[in-house]
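*Asks:* Pasting the sequence and the predicted coordinates here, then a few questions.
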Amino acid sequence: MPELTYLEAIRAALHDEMEIDDRVFVMGEDVGRQGGAFGATKELQQRFGELRSIDTPVAESGIVGVAVGAAMSGQRPVAEMQFADFVSCAFDQLITCAAKMHYRIGWAVPMVVRCPNGGGVGGGPYHSENVEAWFHHHAGLKIVCPATAVDAYGLLRSAIRDPNPVVFCEHKFLYRRVKQDVATGPRDGQLVPLGKAAVVREGTDLSIITYASTVQLSLAVADSLAAQDVSAEVVDLRTLVPFDRETVLASVRKTGKALIVHEDNLTGGFGGEVAAVIAQDAFEHLDAPVRRVAALDTPIPFAPPLEREYLPLESDILSAAADLAAY
Amino acid sequence: MPELTYLEAIRAALHDEMEIDDRVFVMGEDVGRQGGAFGATKELQQRFGELRSIDTPVAESGIVGVAVGAAMSGQRPVAEMQFADFVSCAFDQLITCAAKMHYRIGWAVPMVVRCPNGGGVGGGPYHSENVEAWFHHHAGLKIVCPATAVDAYGLLRSAIRDPNPVVFCEHKFLYRRVKQDVATGPRDGQLVPLGKAAVVREGTDLSIITYASTVQLSLAVADSLAAQDVSAEVVDLRTLVPFDRETVLASVRKTGKALIVHEDNLTGGFGGEVAAVIAQDAFEHLDAPVRRVAALDTPIPFAPPLEREYLPLESDILSAAADLAAY
Amino acid sequence: MSTPARNIAAVPEPAPAPRVSDEEALDLYYWMVLTRATEERALNLYRQGKLPGSYYTGRGQEAISVGMATPLRKGPDGDWLSPWIRDLGSYLVHGVPVWRMFAQFMGKAGSTTRGKDGNLHIGGREWNIPCQVSHMADMIPLTVGAALAYKQRGEDRVAVTSFGDGATSRGDFHEGLNIAAVLEVPAVFVAENNRWAYTTPISKQTKVTDLYKKALGYGIPAVEVDGNDVLAVYSAMVEAVAQCRAGRGPRFIECKTYRMAGHAAHDKYESYMPMELLAEWSDKDPLKRLEQSLLEERSIADGRLEKIRERVKDEVHEAVERADADGYADPAEAHQGVFAESADA
Amino acid sequence: MSTPARNIAAVPEPAPAPRVSDEEALDLYYWMVLTRATEERALNLYRQGKLPGSYYTGRGQEAISVGMATPLRKGPDGDWLSPWIRDLGSYLVHGVPVWRMFAQFMGKAGSTTRGKDGNLHIGGREWNIPCQVSHMADMIPLTVGAALAYKQRGEDRVAVTSFGDGATSRGDFHEGLNIAAVLEVPAVFVAENNRWAYTTPISKQTKVTDLYKKALGYGIPAVEVDGNDVLAVYSAMVEAVAQCRAGRGPRFIECKTYRMAGHAAHDKYESYMPMELLAEWSDKDPLKRLEQSLLEERSIADGRLEKIRERVKDEVHEAVERADADGYADPAEAHQGVFAESADA
Ligand SMILES: Cc1ncc(C[n+]2csc(CCOP(=O)(O)OP(=O)(O)O)c2C)c(N)n1
Ligand SMILES: Cc1ncc(C[n+]2csc(CCOP(=O)(O)OP(=O)(O)O)c2C)c(N)n1
Ligand SMILES: [Mg+2]
Ligand SMILES: [Mg+2]
């Protein structure tokens, strides 16, 4: 089983799906010969040819719209946004065409839009956004946010096979910083189903509900808490839509306390939805306020000290968790 | 004081601001000679000329981008989307340029984007959307959702004077169905400040927190509850950003129970954010789960029986409120 | 009487307009009469308060809707056709039964969307008609995507979409056409220049009121045809489709026409559309013109036309009855179908 | 040696290229040398790990960045200028002090964004330079809006923006240009055709690789100039600005050039850019060409150029020192400024 980075796992998933399914192809700016800005599609053009690894003009709306049409016509497009931030330009195509086609006419749109997400890389306001919460309001789109290499691989393969449009949020900060043994291979690779959260650490005193880049931070916080005799459970949502409400509610019902953590900014982030579900459906088990830790409600500043201020840090999570534990 | 419909109040606000401030102008598809699809800009071109009531090509992204540039150059543009739904095409300009300009460079962008919002008018999936929750995630945009003619007038004037980009959500269903005496006039018209919720009915047993088209429904529900000796407080948020958290929290701390209602669909709606704030900051006063009543998490169906099923009805609100009161 | 297509870009001259046989011309006549009759009936139903929403008519543009659809292959494995809201005729020609059009307008369960969408937001896999959205020009990139799929699989199918002059102002028109050109996909773009977008005259829409010239900016071969002459539209389409099937990349056809009524049934167009122009264009009515050509140039007996008109009358009558008798979908269906369970459902 | 601009649309012939005086030419030289020196220094700083993010150089495109900015009026009441990321020279010419450029790259408090944004996302009211966003072509509609404001108020100001060949594929390019044409606003669009967009050659960006031809689709008069000849760019710009100020609507200038390095400092461009072409274009280096023209055609003494180069060296040195010495903004500032308190702040 090869040890792969998160980024290599993504490339492997693309490769393996392309290998077993002729309908799968990648498209986007510079994805072909170059293999994309981050190398996620590297050598796929050399292996599968120009018709299955398509360099496009700079036109995100067009790219996503073309993917919708191809998906409806029997293909399985995987469109790359060079940075997640630019999916703003494709917002209309995603919510208007991709999301609502099946509901209206029963015609499936099996496609994936890959979005290199997230901050912590000195990218400034336009190369750091977390875009997952731009879409969960819009019924018809699935949203995936892997935190590990194994999940990146397994969830991307599931996303490609899913008959629905999937916004696949890859966290750039994790690309080269996270490594894992990943079971790959066109036939033997290990898929991870969409819609299932993972309890990545069991605990009894409080639940930290999180996804993507803040999963590692939350696990580190759980370690620190353990040293203080606090037992924290960590739930990695993995997919936001479908939302695994049962796993979240079961955890909170058990621990009685919920801390929701994401790198995305607070207001309108997915955490609000999670908090609302808990406040309605686990209310009777709650022993403390539902807390959220997230980034500032501002654009993402560029200068390193400002960006650090913007992002939720391990220490922010720890202090919120400790407060909650002591409540 | 003239009795005006909600729509007439909007037209009056535009007229009165244009009358006292040469920098204010309207632009959009068919807003000129025609006065817009709904007549909100009727006769403004005849009164103020073609340079202050501009018919544009069909290009929402261009329209909003042009408004941003004009706003930065000393004008006070009010751009109309023919239907709110089409603001999807201008999403990028709103979140990328309008929202983030001031944070980055301290250069104000005083503009308004008027969005005829909402369902209940047989408009189907693409002429019925509520778009307010597309934007609260994106720091830098104000969001206004009036429920009455007085507020429509007063909030629109405040929005035009505000130095920030404002997404002004007008509810089409209310356009001709809501009427009120409105104090108008370029100098004497009554403004309503952004960021202040209104307690439109006082009560002690539960708080119904709502905005726009569901305010009337909630008031009717409060009447029904009163007949059952339940005293419901109704809070009309009026603006979602800035969010009047104090008024909401004060109400919930008083009543101990919160029911959040909006016409927009549930998941990712603004109600999730409200619920999260309550679950964190009014937890100690809560005597019951935080409940939400909203539309289905689906596109908005066209056929009348399906649309009725989709929308939150007075009876849905009433039964949730009664449950909550009995909790 | 067919106006020859004017070729713009530096590409192979179009083949001479194909000879249209009498039978083919009569077929075009049938579809145009059916289109007109369906729309007239729908407008009446709207006025009687029997259709929710509003009603958008394509009266006067039937030569385009019928002419562009006729050369296409039908069925799930046929050509992709994504027509604009003026193009009721395209839906009929490409296979949608008349009664389902009425069911759609009424929001009934028999509509192709089961009442979930209205208007000409009609479609289905069985006809390879995607269900258009309201957002103008959005279907252009989708059409390019369908064409790309055919090219990827080496199929000689084409993907066709139509749109109005107003749609040419939108970014998706631009992005879609540019990508189509660069990727050399078999797509045909049909611009219906009826000189109005709601109340906006084309002079306020663009400085380049000959829309075929816009295709030049993308390197897409373009022709301009008389959009009120069904034989001209049909011939241009036959040629464009042939070029596409032969792998020569996308084609653009501008159909010059005029909007013969308001934007929609509720639009008081008399306040802004010059009556003289309406009268002038009324003389160019595409159905009248085809009729004349059939009677005078082709010496077809009026009886044959009369028979077609009678047949259509019956068909429309039956269609309305069937749609009327149809029920609404169960409200429970409003909850269903957000996600697909399988891609082939 | 100035290549005459080629006029495309059917509009008044441009006036003969204005005679550029020796003093003006020397001024252009100063700005080009300053631009080159600033960028070389910044690139070194990047390589030393002193700049966060990446570094984007406009080396080889200084004739455009300097030539287009020079004819504009400076200051808060001057012309709007929204330059592309290759156009560091435009910022300098239009008024931004060199040290603040370095402060920007370093993310320091003295940056025009107080470290909130990086790269050439630089601006401020005092120079009438909006702060560009990353999203290509987004600044085009904004520029049209600024021009609209000037037109509404009857001011003879112009609004100018530049962008790369890649940006022409985006919807906002299309919507912005079309609106500008229809509203006849005083905007100048400067396309910098350096034949690459990241790793994508122009042949995969568009079939119409002469970008001035795209302006035709909007009815905007367009010229094509040698983008490595600062006098040609300058002259075309003088003319375009004059037309705008005279109320004759928007203008489009395509500057043909070549990208002389990778997309950004981290880009291994050797893997995809043909070396022969780079060598060929290296001979056309705009700075060398201007130098030659000054020395040979204008017979200016080398000493004067040398003095300019020395002055620039000092200025850049001081600028880096000042930026280096500058601190970061207080982290508390990250919380501030989402909303404006007043429109004039
Ligand atoms: C993106 C978008 N903006 C606005 C509208 C509202 N709208 C519907 S049809 C129309 C005018 C259409 O004009 P045109 O494209 O010329 O087609 P025609 O109606 O003349 O056939 C407008 C503005 C829309 N449907 N989509
Ligand atoms: C909307 C959008 N998509 C993608 C990108 C990523 N990106 C940054 S620069 C660039 C290429 C720019 O090419 P061009 O416009 O030719 O300018 P040049 O770099 O050649 O000066 C790309 C694709 C972006 N900035 N914005
Ligand atoms: Mg039209
Ligand atoms: Mg370029």
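*Replies:* The structure has been received and is ready for your questions. Ligands and ions are numbered 1, 2, ... in the order given.

*Asks:* residue boundaries of the helices in chain A?
*Replies:* A:6-20, A:44-48, A:60-72, A:91-92, A:101-105, A:149-161, A:172-175, A:213-227, A:245-255, A:270-281, A:304-310, A:314-326 (DSSP state H).

*Asks:* One more: chain C?
*Replies:* C:22-47, C:62-69, C:88-93, C:98-106, C:139-153, C:171-183, C:202-205, C:212-216, C:230-245, C:275-282, C:286-292, C:302-325.

*Asks:* Which other helices and strands does the longest one contact?
*Replies:* So the one you mean is helix C:22-47. In terms of contacts (3 or more C-beta pairs under 8 Å, 6 or more residues apart in numbering or on different chains; DSSP states H and E), helix C:22-47 is packed against helix C:62-69, helix C:88-93, helix C:98-106, helix C:230-245, helix C:286-292, helix C:302-325. All C-beta spots, glycine's among them, are computed from the backbone N, C-alpha and C.

*Asks:* Out of those helices, flag the one nearest A:R308.
*Replies:* Checking the helices and strands packed on helix C:22-47 against A:R308 by C-beta to C-beta gives helix C:230-245 as the closest, at 55.1 Å.

*Asks:* Now do the contacts for whichever residue of the stretch 151-300 of chain A sits closest to chain D.
*Replies:* Going by C-beta to the nearest C-beta, chain D is nearest to A:T298 of the stretch 151-300 of chain A, at 5.3 Å. Shown in contact with A:T298 (C-beta atoms under 8 Å, 6 or more residues apart in numbering or on different chains): A:N265, A:Y310, B:Y103, B:A139, D:A334, D:H335, D:G337, D:V338.

*Asks:* Equivalent analysis for A:G154, please.
*Replies:* Applying C-beta under 8 Å, 6+ apart, the residues near A:G154 are A:A13, A:G189, A:Q190, A:L191, A:V192.

*Asks:* isn't the fourth one right up against A:A159?
*Replies:* This points to A:L191. No: counting by C-beta atoms under 8 Å, A:L191 sits too far from A:A159 to count as a contact (9.9 Å).

*Asks:* Show me which of these two is the more surrounded one.
*Replies:* Taking neighbours as other C-beta atoms under 10 Å in any protein chain shown, A:L191 and A:A159 compare with A:A159 leading, 29 against 16.

*Asks:* just checking, that one touches A:I143?
*Replies:* No: judged on C-beta under 8 Å, A:A159 makes no contact with A:I143 at a distance of 9.8 Å.

*Asks:* which residues do these two both contact?
*Replies:* Applying C-beta under 8 Å, 6+ apart, one finds that A:A159 and A:I143 are jointly contacted by A:V166.

*Asks:* And the residue of the stretch 151-300 of chain A that's closest to ligand 3?
*Replies:* At 30.4 Å from ligand 3, A:P165 is the closest residue in the stretch 151-300 of chain A, using C-beta to the ion.

*Asks:* where's the closest residue to that residue other than its chain neighbours relative to A:D151, distance?
*Replies:* Counting by C-beta to C-beta, 6 or more residues apart in numbering or on different chains, the nearest residue to A:P165 once its immediate chain neighbours are dropped is A:A98, at 3.9 Å. Counting by C-beta to C-beta, to the nearest Å, the gap from A:A98 to A:D151 is 23 Å.

*Asks:* give the contact list for the one residue in chain C that gets nearest to ligand 2.
*Replies:* Nearest residue of chain C to ligand 2: C:E175, at 10.8 Å (C-beta to the nearest ligand atom). Listed by C-beta under 8 Å, 6+ apart, the contact partners of C:E175 are A:P57, A:A59, A:S61, A:G62, A:G65, C:P141, D:S169, D:R170, D:G171, D:H174.

*Asks:* Below-threshold pLDDT in the stretch 151-300 of chain C: ranges please.
*Replies:* Residue ranges of the stretch 151-300 of chain C with pLDDT under 70: none are present.
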